[in-house]
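J.: With the sequence up front, the predicted model follows.
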Amino acid sequence: MKRSYHICLSAGDEVCCRSEEDYVYYFNSLALAVAKTESSLLAEAIMSNHVHECVRTASPKEVAAMQSYTVTRYFNSKYSRRGSLFLRPPFVIELEGLYHKLAAVSYTLRNPVHHGITSTPFEYRHSSARALFRKALGREGDLEQLPEYLYHRFLPDHRTCPAGYKMGKNGLILREDVLDVPDVEHMFVTPRSFLYYMNRLSGEEWQREQEKDLHSGAPITLDVIEQGVCYQSIQQMLTFEHGRADYRIMDDIRLCEMIDGEILPSMGFESVYLMPYAEKVRLAEALCRDFHLPKSQVSRCLAMKY
């Protein structure tokens, strides 16, 4: 029997996406897992070191395991890394009713805001926020598609694109084809209600609303949904939720692309995973000093705790 779940996979003190190509590969792996298990995707947000998903499925652990295996193989091969990329086991919550689902979907799509990356969910490219209410929110239009004969370049070896899925010109399987758009839009009822949930502040009212649905589980809150994610504190995320973040600061993807594309070649290294720890320490000190970056972010992007 299919039920709805929130799933979180976390790479802990490392990043699981170091480039735009990695984000594309991750989402395509998720799309293939959803299709293979005959599941439905309700929401997703792929962050640099963790991923939030809301899925209707009979096998949440299989959905998580399939993407974890595929992405780890790809990442380890690309960056000369060994071992599991994600913390085990994945964090899974069963969603028990409408308000519980609304909270989980909303927190998933708002994750970039909670981490101070963007001021609204719609600025973030690596989530399904922009796939909902496209016409009403002025985002309707033909999406540029990739010819089918090129699909294999952006899929794991020996895998084919499921029937009904199309790819954009960047190799990303179109989120609109994977997401159960009608069901999610029905949950929010109207575009105005959707925008309200995308801007709603965390608080006790939201928890009381969810308690109408719950029989055994806990309400979806930041401290519940972010378990196992090594990023910011809950208090810091609540501050970001109020719009008090410096969006000029370099985010993880820009930092990783600078490290991998500019700094490492000049130092003669192909990957951060091939750097001696002493070299990482010296580089970390320079990055923190020159770009005013937090030590935790630099450590994460240099895989210093690997």
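T.: Happy to help now that I have it.

J.: How about residues contacting the lengthiest helix in the chain?
T.: The helix spanning the most residues in the chain, taking DSSP state H as the definition, is helix 60-79. Taking Cβ atoms under 8 Å, 6 or more residues apart in numbering as the criterion, the residues outside helix 60-79 that touch it are 5, 7, 9, 16, 18, 22, 25-26, 29-30, 32-34, 36-37, 39, 51, 53, 55, 57, 81-86, 89-90, 92, 156, 271-273. (C-beta placed from N, C-alpha, C; glycine too.)

J.: G243 contacts S119, doesn't it?
T.: Yes - if you go by Cβ atoms under 8 Å, G243 and S119 touch, sitting 6.1 Å apart.

J.: which residues of this protein fall in strands?
T.: Assigned strands in the chain, in chain order: 3-10, 40-46, 50-57, 91-95 (criterion: DSSP state E).

J.: Looking at those strands, which is nearest to R248?
T.: In terms of Cβ to Cβ, the element of the strands of the chain nearest to R248 is strand 40-46, at 21.8 Å.

J.: ok, back up a step: make TSV out of the strands of the chain and add mean neighbour count and mean pLDDT.
T.: TSV is the format used below for those (neighbours: other Cβ atoms under 10 Å; pLDDT from 0 to 100):
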stretch	mean neighbour count	mean pLDDT
strand 3-10	23	96
strand 40-46	24	98
strand 50-57	26	97
strand 91-95	18	93
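
J.: Drop anything exposed from the contacts of helix 60-79.
T.: When neighbours are counted using 16 or more other Cβ atoms under 10 Å, the contacts of helix 60-79 contain these buried positions: 5, 7, 9, 16, 18, 22, 25-26, 29-30, 32-34, 37, 39, 51, 53, 55, 57, 81, 85-86, 90, 92, 272-273.

J.: Low-confidence stretches in the stretch 1-150 of the chain?
T.: Residues of the stretch 1-150 of the chain meeting the criterion pLDDT under 70: 142.

J.: Kindly state the beta-bridge partners for the residue positioned nearest the centre of the chain.
T.: Taking Cα atoms, centre = their mean, the centroid of the chain lies closest to I46, which sits 1.3 Å from it. Beta-bridge pairing of I46 under DSSP bridges involves V51.

J.: That one against Y26, yeah?
T.: Yes - here I46 reaches Y26: they are 5.3 Å apart, a contact under Cβ under 8 Å.

J.: what residues are shared contacts of these two?
T.: Each of C17 lies in contact with both I46 and Y26 under the rule Cβ under 8 Å, 6+ apart.

J.: got a list of what S29 touches?
T.: 66-67, 70-71, 74, 156.

J.: closest to Q297 among these?
T.: Of all those, the one sitting nearest Q297 is V71; the distance, using Cβ to Cβ, is 21.3 Å.

J.: Let me see the contact set for M304.
T.: Under the criterion of Cβ under 8 Å, 6+ apart, the contact partners of M304 comprise 13, 277, 280-281, 284, 298.

J.: Apply 10 Å and report the result again.
T.: Under the criterion of Cβ atoms under 10 Å, 6 or more residues apart in numbering, the neighbours of M304 are 13-14, 272, 275, 277, 280-281, 283-284, 295-296, 298.

J.: What of M237?
T.: Applying Cβ under 10 Å, 6+ apart, one finds that M237 lies in contact with 110-111, 113-116, 202, 222-223, 226, 229, 231, 245.

J.: And R300, by the same measure?
T.: Residues 11-15, 48-49, 230-231, 252, 255-256, 294 are the ones in contact with R300 under the rule Cβ under 10 Å, 6+ apart.

J.: Buried residues of the longest helix of the chain, list them for me.
T.: Neighbour-count burial for helix 60-79, with 16+ other Cβ under 10 Å as criterion, is recorded at 60, 63-72, 74-75, 79.
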